[in-house]
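Q: Attaching a predicted model along with its sequence, questions to come.
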Amino acid sequence: MALVHGLLLLDKPSGPTSNQVIRPIARLFPGVKVGHSGTLDPMASGLLVVLLGEATKSAPFLNEEPKVYRARVLLGVETDTYDMEGRVLREAAAPDDEKAVRDAFEGLKGVRAQVPPPFSAAKVGGKPMYHYARRGRAVEGRKREVEVFEVELSGIRRRGRRSEVDVVISCTRGTYVRSLCREVGEKLGCGATLSGLRRLAAGPFRVDDALDPDEWCRRLGKGDASGILGIGDALAHLPRVEVSGEEARRVRNGLPLPALPSEGVPVLVAEAGGIPLAVHFSEGGARGRVKVMRVFNL
């Protein structure tokens, strides 16, 4: 089929990895780069923003905050992976006190320095942390600052000595929901682990607008590109400047504009008519140097 450059919203099923899910789509575009803007754990389902062709260059500039997840949390059990796919480390009776449980989740709101879970793709020494964890080696990942904006409990159910909690969490990009669950378990003293996760949204992108992998493959295999977002639409939140003629030719060739209307933020440079050409960045200050961040070969 004809080469497509853009973003598609995919509803990932639980089970396969994010890369496994996009492989059939990538096979439809041999020799073309296909990726995604943020991985989901195999057990997780929901929104995966897939990038096709030149759109892969737009990933660092997408507006994907807040990330919104619906999680199911099991109180009364702790595992080495912080989810139910791991080895159980301990079990304890969950508190039969709804207010205490709600207060523990409410306490997640705010900014924190979060360390990636040992079984995660965060890299230490050039290798993902799960590489060390599977070999019984304890390494500590680099702390990152994350923020939880909203926490909304929608259900608490007793399961013998355990409790099962449904919660919707709105947070910054890069937040590990598994680690938040573990934090709740530590506050309550009974341990907690993630038993289900679904990504509902990432900034303006919604899982309600996404299609499952089979439907995307069916459409794309027939040459139907409807529903694919253009690069310009995906970067509509950026300041924008339009160029034409010789100036557009220079931008296409990777040369920076002499000046930008905004400093300290990425700026989308587009040809008159809307075709995205590049992302530029002005450092500001006395020199006002403009850097070329990306060039789109469209």
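A: Great, that's in hand.

Q: Now do stretch 120-136: distance to the chain's middle.
A: Average the C-alpha atoms of stretch 120-136, do the same for its chain, and the two points are 20 Å apart (Cα atoms, centre = their mean, to the nearest Å).

Q: Pretty sure Ser179 sits in a helix.
A: Yes: under DSSP: H, G, I helix; E, B strand; the rest coil, Ser179 falls within a helix.

Q: if I read this right, it contacts Pro117, doesn't it?
A: Yes: judged on Cβ atoms under 8 Å, Ser179 makes contact with Pro117 at a distance of 5.6 Å. The C-beta positions use only the backbone N, C-alpha and C, and glycine is treated the same way.

Q: Find residues that contact each of those two.
A: Tyr82 (Cβ atoms under 8 Å, 6 or more residues apart in numbering).

Q: which one of these two has more residues nearby?
A: Per other Cβ atoms under 10 Å, whichever of Ser179 and Pro117 has more neighbours is Pro117, with 23 against 17.

Q: Tell me which stretches of the stretch 1-150 of the chain form helices.
A: 18-27, 98-106, 129-133 (DSSP state H, counting those that start in this stretch).

Q: for those helices, which one ends up most surrounded?
A: The highest mean neighbour count among those, using mean count of other Cβ atoms under 10 Å, belongs to helix 129-133: a mean of 18.

Q: per-stretch mean pLDDT over the helices of the stretch 1-150 of the chain, give me the minimum one.
A: Lowest mean pLDDT of the helices of the stretch 1-150 of the chain: helix 129-133, a mean of 71.

Q: Would you map out the domains in this structure?
A: 6-61+205-230, 67-202, 238-295 (automatic domain parsing).

Q: Would you report the backbone torsion angles of Leu220?
A: phi -70, psi -40 (degrees, to the nearest 10).

Q: confidence score at the nearest residue to it once chain neighbours are set aside?
A: Counting by Cβ to Cβ, 6 or more residues apart in numbering, Leu220 lies nearest to Leu28, which is 5.2 Å off, once chain neighbours are set aside. In this model, Leu28 is scored at 93, pLDDT.

Q: From Gly223, how far out is Leu28?
A: For Leu28, the distance to Gly223 equals 10 Å [Cβ to Cβ, to the nearest Å].

Q: Arg178 reaches Glu85, doesn't it?
A: No: when contacts are counted by Cβ under 8 Å, Arg178 is not listed as touching Glu85 (10.3 Å).
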